[in-house]
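K.L.:
Have a look at this prediction, sequence included:
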2 protein chains.
Amino acid sequence: MIIDCHGHYTTAPEPLNAWRKQQTEALKSPSLAPAKGSVTVSDDQIRDSLENAQLKLQRSRGTDVTIFSPRASAMGHHVGDETTSRHWSEHCNELIHRVCRLYPENFVGVCQLPQSPGVDPRGVIPELERCVKEFGFVGANLNPDPSGGKFSEPPLGDRWWYPVYEKLCELDVPAMVHVSQACNPAFHTTGSYYLSADTVAFMQLLMSDLFKDFPTLRFIIPHGGGAVPFHWGRFRGIAQDQKRPPLPELMKNNVFFDTCVYHQPGIDLLLKVVPIDNILFASEMVGAVRGVDPETGHYYDDTKRYIDASSLSDADKQKIFEGNIRRVFPRLKV
Amino acid sequence: MIIDCHGHYTTAPEPLNAWRKQQTEALKSPSLAPAKGSVTVSDDQIRDSLENAQLKLQRSRGTDVTIFSPRASAMGHHVGDETTSRHWSEHCNELIHRVCRLYPENFVGVCQLPQSPGVDPRGVIPELERCVKEFGFVGANLNPDPSGGKFSEPPLGDRWWYPVYEKLCELDVPAMVHVSQACNPAFHTTGSYYLSADTVAFMQLLMSDLFKDFPTLRFIIPHGGGAVPFHWGRFRGIAQDQKRPPLPELMKNNVFFDTCVYHQPGIDLLLKVVPIDNILFASEMVGAVRGVDPETGHYYDDTKRYIDASSLSDADKQKIFEGNIRRVFPRLKV
């Protein structure tokens, strides 16, 4: 079985976006109560939104299941306040839940969390619990920078985040560390912001003793771990200079990189330097890059092809495609 | 000849640091006038600071010349105001000038610019001119984020920076895009901040038409281009989706990556995906990583070894070690 651990509902039906537009416009008129309201989407609209996109690509690429979460760039935690974020997250997660009920063999849910910059993160716990316990979701996306590009939140090793970590461990679900759209013009969301946030998160974890306090806490750093594998020697050297554990020891049961790296030499490097047990198959489709690579004739984000073409043993490929993912997402029952 | 295009005076004699300490302490007492004052360092102190560090490493590694600038992490553009930054930059650059006069065969200068967050960058022009015209420096370090981790400056493609670009072109010197120490606890300076800033800078250039306005402007993005080579497919795909030029065309005469990547697989990837004409030899020594890699028995930052061990032709190696660098730094006369 081939499990893609990182897919977003980037093709959600229009009423979801219309609701969000209405919500953000109401922020300008405080007299309008921020009621949650409803998003009216039919099952057929959901089917239409997926059949020619994620489902078609699953079939054509030969992947089986996608661990599926709301569109990351639309989480927009910097917009409005915690109530804004809570209502929006609930709608997004409820839609993912409907997707998973309509296609239980193709999609498994991961939730967006109702974070807000500078707001105590324990406020996200009720929604996390609802998604895992009521909806059967298997993980969460945790935004290390809900400010959208100011990096104003405490580092991931800070006790600020501990209540969330306690709940993640209690529920036995991992978190993918994933920022949303940048609202800082210095950053390009999918080009530089995502990759910078991945690199920043890894370094925060490298410098902290977090996993002594939470030995079962598991983070997935997406997009192949940002800049880390390319600079593996630099990070190894910094860890050594700083008397931190060697990277494989640091990552062992706690930190995992996905395979959202869109060319063969990049994947080959990832597979060469990062321990195989810490790599999880993912494509991020339909996502950051939508085109076909003229050099290969295939979609840039068809990452299964790169793993297939690598020199890994079949046993190692199976770990990346399925085994490691089941270990990181123990609630996954497909 | 082997030219290292990225070295910092990280071992500068103590009186320089003492002066800086005094300067920053005076910021707390506005009654103390921010006079430039003097830094008393003897030629012997300069020799001592280099003989057992950069010069020893040049000899043992078999490199000839280092393009040498003040310590990047100490530029501290976020400290104080533009006067603070001007006095500090002048002292740092004057010391580099003394190094280059003492060792004209080993060091060629690149200047620190007296930037300050949010301050019109044309204020840096007098110091840039002084360093190039009076001191014979061959380039400048331009900080795209003088805030030290808030990324609050306009992107590099913005007209905000144009007066500096006009002067760089007029003087025919390149700029290395290099941030200083992070003052934002989310970032680790040499681990995540440098690499993020490199990636951010590349993406800003990718999205702008800057080189139509300045066809001879040349930027070096250090640390191997941050995350870019590892995610070459992602950046190619984004460029394609956004109707931007292909990356080799974008970079051609204007954007160069150095080889500060501290392991063989990283260097191999860099050499494989990035056009050879756009790669410049560098080690950043004595710099971010100071240890010896127990897997190889050599310094992590001895990047010459990785190039030597690569499968490149001798002609291509010569381009990286010398030819490309002379093209990017035409004022270099060694």
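P.N.:
Thanks, I have it.

K.L.:
Tell me the secondary structure at residue A:69.
P.N.:
Under DSSP: H, G, I helix; E, B strand; the rest coil, residue A:69 falls in the strand class.

K.L.:
residues contacting the closest residue to it other than its chain neighbours?
P.N.:
Leaving aside its chain neighbours, residue A:69 sits nearest to residue A:110 (3.9 Å; criterion: CB to CB, 6 or more residues apart in numbering or on different chains). Just so you know, the C-beta spots here come from the backbone N, C-alpha and C atoms, and that holds for glycine as well. Applying CB atoms under 8 Å, 6 or more residues apart in numbering or on different chains, we find residue A:110 in contact with A:67-69, A:96, A:137-141, A:176.

K.L.:
Quickly list what residue A:110 is bridged to.
P.N.:
Listed by DSSP bridges, the beta-bridge partners for residue A:110 are residue A:139.

K.L.:
Quick check: it vs residue A:178, distance?
P.N.:
Counting by CB to CB, to the nearest Å, the gap between residue A:110 and residue A:178 amounts to 10 Å.

K.L.:
Common neighbours of the two, please.
P.N.:
By CB under 8 Å, 6+ apart, the residues touching both residue A:110 and residue A:178 are residue A:141.

K.L.:
residue contacts, the closest residue to chain B within the stretch 101-250 of chain A?
P.N.:
Closest residue of the stretch 101-250 of chain A to chain B, CB to the nearest CB: residue A:233 (2.9 Å). For residue A:233, the contact set (CB under 8 Å, 6+ apart) comprises B:261-263, B:266, B:289, B:293, B:300.

K.L.:
Out of those, name the ones that lie in helices.
P.N.:
Cross-referencing the contacts of residue A:233 against helices under DSSP state H gives residue B:266.

K.L.:
For the contacts of residue A:110, give me a markdown table that also has pLDDT and neighbour count.
P.N.:
What follows is the contacts of residue A:110, written out as a markdown table (pLDDT from 0 to 100; neighbours: other CB atoms under 10 Å in any protein chain shown):
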| residue | pLDDT | neighbour count |
| --- | --- | --- |
| A:67 | 98 | 26 |
| A:68 | 98 | 23 |
| A:69 | 98 | 27 |
| A:96 | 98 | 25 |
| A:137 | 98 | 26 |
| A:138 | 98 | 26 |
| A:139 | 98 | 27 |
| A:140 | 98 | 27 |
| A:141 | 98 | 23 |
| A:176 | 98 | 25 |
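
K.L.:
with those residues in mind, which one is nearest to residue B:316?
P.N.:
Nearest to residue B:316, judged by CB to CB, of the contacts of residue A:110 is residue A:176 at 39.7 Å.

K.L.:
Need the three-state assignment for the closest one.
P.N.:
Per three-state DSSP, residue A:176 ends up strand.

K.L.:
Can you give me the neighbour number for the residue nearest to it when sequence neighbours are not counted?
P.N.:
Spatial nearest neighbour of residue A:176, chain neighbours left out: residue A:220 (4.3 Å); criterion: CB to CB, 6+ apart. Residue A:220: 27 surrounding residues under other CB atoms under 10 Å in any protein chain shown.

K.L.:
Wasn't residue A:220 part of a strand?
P.N.:
Yes: assessed with three-state DSSP, residue A:220 lies in a strand.

K.L.:
ok, residue A:12 to residue A:93 distance?
P.N.:
12 Å.

K.L.:
Likewise for residue A:238?
P.N.:
As for residue A:238, its distance to residue A:93 is 37 Å (criterion: CB to CB).

K.L.:
how about the helices in the stretch 51-200 of chain A?
P.N.:
For the stretch 51-200 of chain A, the helices defined by DSSP state H, counting those that start in this stretch occupy A:54-61, A:82-102, A:125-129, A:162-171, A:194-206.

K.L.:
hang on, the earlier thing: farthest pair within the contacts of residue A:110?
P.N.:
A:96 and A:176 (13.8 Å).

K.L.:
who touches both of these two?
P.N.:
Joint contacts of residue A:96 and residue A:176 (CB under 8 Å, 6+ apart) are A:69, A:110.
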